[in-house]
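K.L.:
Following is a predicted model, sequence given first.
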Amino acid sequence: MALFVGIAIGIHPLRPDLHSLDAQMSRYLLQPYGGWLQLAYCALAIAIVTIAFAVQAALAPSARSGGPTLLFVAGAASLVVTAFAPMDADGAVPTFVGWVHGVSAQAAFLCVTVAMLVQSAWLRHDVRWRTRMPLALAIAMAAFAGLWTLVLVDGLPRGAAQKAVIAVIVLWLLVIWSGLLAHRREHRRLPGRTP
């Protein structure tokens, strides 16, 4: 995830031709330097899938659901498609590949934010995760609301609004990752376990 954040932030100064408040991340996928952001998108997709499966394994059986995991995998796959199916340039004739880019980007956002909501709700069924559930659910709700604000409200600076939603998604992933690390440390301290 650090690779994604580092590249996603670091690519902005390399593209002074793009106004960061208006330019959506897809603009940065176009050359030059688009390959770096493709790498970052793939790293984020791997992080999403890794966290999805890790949290399922860490939860009590009564708190597990395949739904969030399937949505996370679908979102991650859509993110990879988004990375490698370039959007159409401004003023260009619409292409099938540009259409695929748009649909896969929307699918990535929708699948991941819905998965965040559902996974957060399932956390309440595991006593070890109950304390993290309110924060995780609040962040997931903020990401979902931000996504729909981005879709439904005209006049927003598209780049800044999209990047804000991405930042909230990354924040949720970090909260869950920190929970996984805390539970791993707790598991190692259990009696009868060797450090």
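P.N.:
That came in fine, so what should we check first?

K.L.:
which residues in this structure form strands?
P.N.:
Counting by DSSP state E, the chain forms no strands at all.

K.L.:
center of it - which residue?
P.N.:
For the chain, the residue whose C-alpha lies nearest the mean C-alpha position (Cα atoms, centre = their mean) is Ile169; its distance is 4.8 Å.

K.L.:
Now for that residue: which residues touch it?
P.N.:
The contact partners of Ile169, taken as Cβ atoms under 8 Å, 6 or more residues apart in numbering, are Val112, Thr113, Met116, Ala143. C-beta: built from backbone N, CA, C; applies to glycine.

K.L.:
neighbour-wise, which of these leads?
P.N.:
Greatest neighbour count in those, by other Cβ atoms under 10 Å, goes to Val112: 31 neighbours.

K.L.:
where's it relative to Ile169, distance?
P.N.:
Distance, Val112 to Ile169, by Cβ to Cβ, to the nearest Å: 6 Å.

K.L.:
same question, Ala54
P.N.:
Separation of Ala54 from Ile169 (Cβ to Cβ): 17 Å.

K.L.:
just for this structure, where's the confidence low?
P.N.:
For the chain, the stretches with pLDDT under 70 are 190-195.

K.L.:
one more time with 50, if that's ok
P.N.:
Applying pLDDT under 50 to the chain flags the ranges 194-195.

K.L.:
What segments of it are helices?
P.N.:
2-14, 25-29, 34-58, 66-84, 96-122, 133-152, 158-188 (DSSP state H).

K.L.:
closest to Asp90 out of these?
P.N.:
Closest approach to Asp90 among those (Cβ to Cβ): helix 25-29, 8.9 Å.

K.L.:
Quick one: list the elements packing against that closest one.
P.N.:
Where contact means 3 or more Cβ pairs under 8 Å, 6 or more residues apart in numbering; DSSP states H and E, helix 25-29 is packed against helix 2-14, helix 34-58, helix 66-84, helix 158-188.

K.L.:
for Trp129, what are its contacts?
P.N.:
Here Trp129 is in contact with Ala58, Leu59, Ala63, Leu123, Gly179, His183 (Cβ under 8 Å, 6+ apart).

K.L.:
do the same with Tyr41
P.N.:
Tyr41 is in contact with Phe4, Leu29, Leu79, Val80, Thr82, Ala83, counting by Cβ under 8 Å, 6+ apart.

K.L.:
export those residues to JSON lines and tack on neighbour count?
P.N.:
Shown next, in JSON lines, are these (neighbours: other Cβ atoms under 10 Å):
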{"residue": "Phe4", "neighbour count": "23"}
{"residue": "Leu29", "neighbour count": "24"}
{"residue": "Leu79", "neighbour count": "23"}
{"residue": "Val80", "neighbour count": "17"}
{"residue": "Thr82", "neighbour count": "26"}
{"residue": "Ala83", "neighbour count": "25"}
